[in-house]
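>>> Just need the structure, nothing else, for what follows:
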Amino acid sequence: MVKSVVKAFRILEVFDAEHPAMSVKQLAERCDMDRSAAQRFVHTLTQLGYLQRNEETQLIEPSVRTLDIAAHYLHAHPLVDKVRPYLLNLSKETEGSVSLTILDGQDVVYLSRLLSRNMLDTDITIGSRLPAFCTAPGLAMLSQLAEQEAVEILERTQRKAYTPSTVHEVPEIMERLARFRRQGYALSVEEYFLSDISIAVPVLDRHNRPRAAVSISMSRVRSMPEELEQNLSDLLIATARQLSRL
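Here you go, the predicted model:
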């Protein structure tokens, strides 16, 4: 491990919605380094274009160049460009919000998303992370892993009840994963966001491991009768099979 690289990335990763801009002193405190070291890293990252100083507040904040790394990843990902026509078709057919996600550790990460005009704004954008254990895409992908591998991921996860409907105990989650694997899709109702229903299907690689998941989300205001659930899951399963062949 090159410690200076680790510290540089720690500086970049410490910014979030609650801390969009900080002074050098605040950065040093949050990154657990002395102020002079933080100043050197800030200067270097500013010269490289990844940080900038706000002219009004004089605080340090990420620059637009930080998006470049994400853009390079999305352009290089084998599914992102190819999936868009399929998501567009799903959006037209269902009038729901449709997404492509991948599993990264204990989280799902959104790589592509088309919003529905009927969907409540949940602040999910490309790059957003949500816990896998209580979201339909995460459950769909976990259901395709070996049982021990899924258990290990769940045990490393900080599981909590985000809503009254969240299933967060490992035995109950494992029962659901077995059911989702048999039926070919995962269903999540108000487990992370209130008033949200999501259905997801895994996209598999040649070894039948999950590469990604495609999902549809809609507002709880729109009911989910058994016939609608079947129709949506059939559409997703057909789409996922096509994507698995790409």
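>>> I'd guess residue 113 is in a strand, am I close?
Yes - Residue 113: assigned to a strand according to DSSP: H, G, I helix; E, B strand; the rest coil.
>>> Quick one: residues contacting it.
Residues near residue 113 by Cβ atoms under 8 Å, 6 or more residues apart in numbering: 97-100, 124-126. Heads up, the C-betas are built off the backbone N, CA and C, glycines and all.
>>> Which residue ranges of the chain form strands?
Ranges of strands in the chain, per DSSP state E, are 51-53, 60-62, 97-104, 107-114, 129-131, 186-189, 196-204, 210-219.
>>> which one of those lies closest to residue 86?
Comparing the strands of the chain against residue 86 with Cβ to Cβ, the closest turns out to be strand 210-219 (7.3 Å).
>>> for the chain, which helix is longest?
Secondary structure of the chain per DSSP state H: the longest helix is helix 226-244.
>>> Show me what that one is packed up against.
Using 3 or more Cβ pairs under 8 Å, 6 or more residues apart in numbering; DSSP states H and E, the elements in contact with helix 226-244 are helix 80-94, strand 196-204, strand 210-219.
>>> hmm, back to that, could you dump the strands of the chain into a markdown table and include mean pLDDT and distance to residue 37?
Converted to a markdown table, the strands of the chain look like this (pLDDT from 0 to 100; distance: least, Cβ to Cβ, whole Å):
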| stretch | mean pLDDT | distance to residue 37 |
| --- | --- | --- |
| strand 51-53 | 97 | 15 |
| strand 60-62 | 97 | 14 |
| strand 97-104 | 96 | 29 |
| strand 107-114 | 96 | 30 |
| strand 129-131 | 97 | 28 |
| strand 186-189 | 95 | 44 |
| strand 196-204 | 95 | 43 |
| strand 210-219 | 94 | 39 |
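>>> Now render these as a markdown table, adding distance to residue 91.
Below are those laid out as a markdown table (distance: least, Cβ to Cβ, whole Å):
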| stretch | distance to residue 91 |
| --- | --- |
| strand 51-53 | 36 |
| strand 60-62 | 31 |
| strand 97-104 | 5 |
| strand 107-114 | 5 |
| strand 129-131 | 20 |
| strand 186-189 | 19 |
| strand 196-204 | 14 |
| strand 210-219 | 9 |
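>>> can you tell me which of those strands comes nearest to residue 5?
Ranked by Cβ to Cβ, the member of these that lies closest to residue 5 is strand 51-53, at 15.6 Å.
>>> Give the bridge partners for the spatially most central residue of the chain, please.
Closest residue to the average C-alpha location of the chain: residue 109 at 2.2 Å, with Cα atoms, centre = their mean. Note on residue 109: beta-bridge partners by DSSP bridges are residue 102, residue 129.
>>> so what's it up against?
So residue 109 contacts 101-103, 127-129 (Cβ under 8 Å, 6+ apart).
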